[in-house]
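Novice: Using only what follows, build the 3D model:
(one chain, ligands or ions: 1)
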Amino acid sequence: MAAGDDARVSIHDLRAAKRQGQSFAVLTAYDHPTARILDDAGIPVLLVGDSVGTAVLGYDSTIPVTLEEMLHHVSAVARGAHRALVVADMPFGSYQAGEDAAMANAVRLLKEGGANAVKIEGGGPSVALTRRLTQAGVPAMGHVGLTPQSVNQLGGHRVQGRDAGAGQRILADAQALAEAGAFAVVLECVPADLGRAVTEAVDVPTIGIGAGAGCDAQVLVLHDLLGLTSGPKPRFVKAYAHLREHIADAAKAFQAEVRDGDYPGPEHTY
Ligand code: KIV
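Specialist: Numbers count the residues shown, from 1 in each chain. Reported below is the predicted structural model:
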């Protein structure tokens, strides 16, 4: 990523990366310590996703996540990220009730949360909103394909755009978002051919999650990458660590030492 050593990654750096054919990684972050670790590790974009609802808050979908909850997590991440571009998801209900309310909520995510940009799901009305936000100086990321906030409409978390008509609609939505000023577009759970076709059709970076290797960038939910989530996982998830087991082992070791009188030792005692 072209940003100077101390400079914050900008939306222009992401576009330059696409032009240069340089792939980049995006990760979700929800709190201050992990934001610091990921920022220090050089991850250029941190997404405070509304996946905070399922990954951290124990909801069974992203739908219950509120703007206040997002602000709480976005501000913690923004305090920890000095170089990464911090993107805040606009949660369900924060942009559907009209453009004025959506604009006011996006502004809160930047002013109070300290985000550098927002992300909005869907095409259709989200295209007009993207145009309005970006014209007002609020960088906006699009999100098409599987849009989890519409899970009730979509009938579940399933691959989108499998047939030609649906694929064309996703492609058209991505193009409309890019034309409206979106600085990047997330493509979630679409066939790899469609991911590649959208990437070739738009001049802003595509950020894939279950959209194949043809996207300009890849994003994962941090808790999936770290092996913190339990239960069945989508096919695109790759765990690069197994922290669930490490946390359980550490907790059990502490419990055993307390039980056996080995903790605290003299070195832990005043
Ligand atoms: O909420 C989220 O984490 C997301 C990513 C999965 C793209 O939208």
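Novice: alpha carbons only for contacts and neighbour counts from here, please
Specialist: Fine.
Novice: if I look at whatever residue of the stretch 101-250 of the chain ends up closest to the ligand, how far off is residue 119?
Specialist: Using CA to the nearest ligand atom, the closest approach of the stretch 101-250 of the chain to the ligand is made by residue 221 at 5.5 Å. Distance, residue 221 to residue 119, by CA to CA, to the nearest Å: 15 Å.
Novice: Comparing these two, which residue is more hemmed in?
Specialist: Counted by other CA atoms under 10 Å, residue 221 and residue 119 do not tie: residue 119 has more neighbours, with 26 against 21.
Novice: Write down the beta-bridge partners of that one, one by one.
Specialist: Assessed by DSSP bridges, residue 119 has beta-bridge partners residue 89, residue 141.
Novice: what is the rounded mean pLDDT of stretch 105-121?
Specialist: In this model, stretch 105-121 has an average pLDDT of 98.
Novice: That stretch near the ligand anywhere?
Specialist: No - judged by CA under 6 Å from any ligand atom, stretch 105-121 stays clear of the ligand, getting no closer than 8.0 Å.
Novice: Please apply the same query to stretch 200-211.
Specialist: No - on the criterion CA under 6 Å from any ligand atom, stretch 200-211 is out of touch with the ligand, staying 6.5 Å away.
Novice: For the stretch 1-150 of the chain, what lies in contact range of the ligand?
Specialist: Checking the stretch 1-150 of the chain against the ligand by CA under 6 Å from any ligand atom, the hits are 28, 49-51.
Novice: try it again with 8 Å
Specialist: 28, 47-52, 62, 89, 119, 143, 147-148 (CA under 8 Å from any ligand atom).
Novice: Report the separation between the nearest residue to residue 85 once chain neighbours are set aside and the ligand.
Specialist: Spatially, and ignoring its direct neighbours in sequence, residue 85 is nearest to residue 45 (4.7 Å; CA to CA, 6 or more residues apart in numbering). For residue 45, the distance to the ligand equals 12 Å [CA to the nearest ligand atom, to the nearest Å].
Novice: what bridges to residue 45?
Specialist: Here residue 45 sits in beta bridges with residue 26, residue 85, going by DSSP bridges.
Novice: Can you point out the buried residues in stretch 42-60?
Specialist: Neighbour-count burial for stretch 42-60 flags 43-55 (criterion: 16 or more other CA atoms under 10 Å).
Novice: Include secondary structure and pLDDT when you put those residues into JSON lines, please.
Specialist: Formatted as JSON lines, the buried residues of stretch 42-60 follow (DSSP: H, G, I helix; E, B strand; the rest coil; pLDDT from 0 to 100):
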{"residue": "43", "secondary structure": "coil", "pLDDT": "98"}
{"residue": "44", "secondary structure": "coil", "pLDDT": "98"}
{"residue": "45", "secondary structure": "strand", "pLDDT": "98"}
{"residue": "46", "secondary structure": "strand", "pLDDT": "98"}
{"residue": "47", "secondary structure": "strand", "pLDDT": "99"}
{"residue": "48", "secondary structure": "strand", "pLDDT": "98"}
{"residue": "49", "secondary structure": "coil", "pLDDT": "98"}
{"residue": "50", "secondary structure": "coil", "pLDDT": "98"}
{"residue": "51", "secondary structure": "coil", "pLDDT": "98"}
{"residue": "52", "secondary structure": "helix", "pLDDT": "98"}
{"residue": "53", "secondary structure": "helix", "pLDDT": "98"}
{"residue": "54", "secondary structure": "helix", "pLDDT": "96"}
{"residue": "55", "secondary structure": "helix", "pLDDT": "97"}
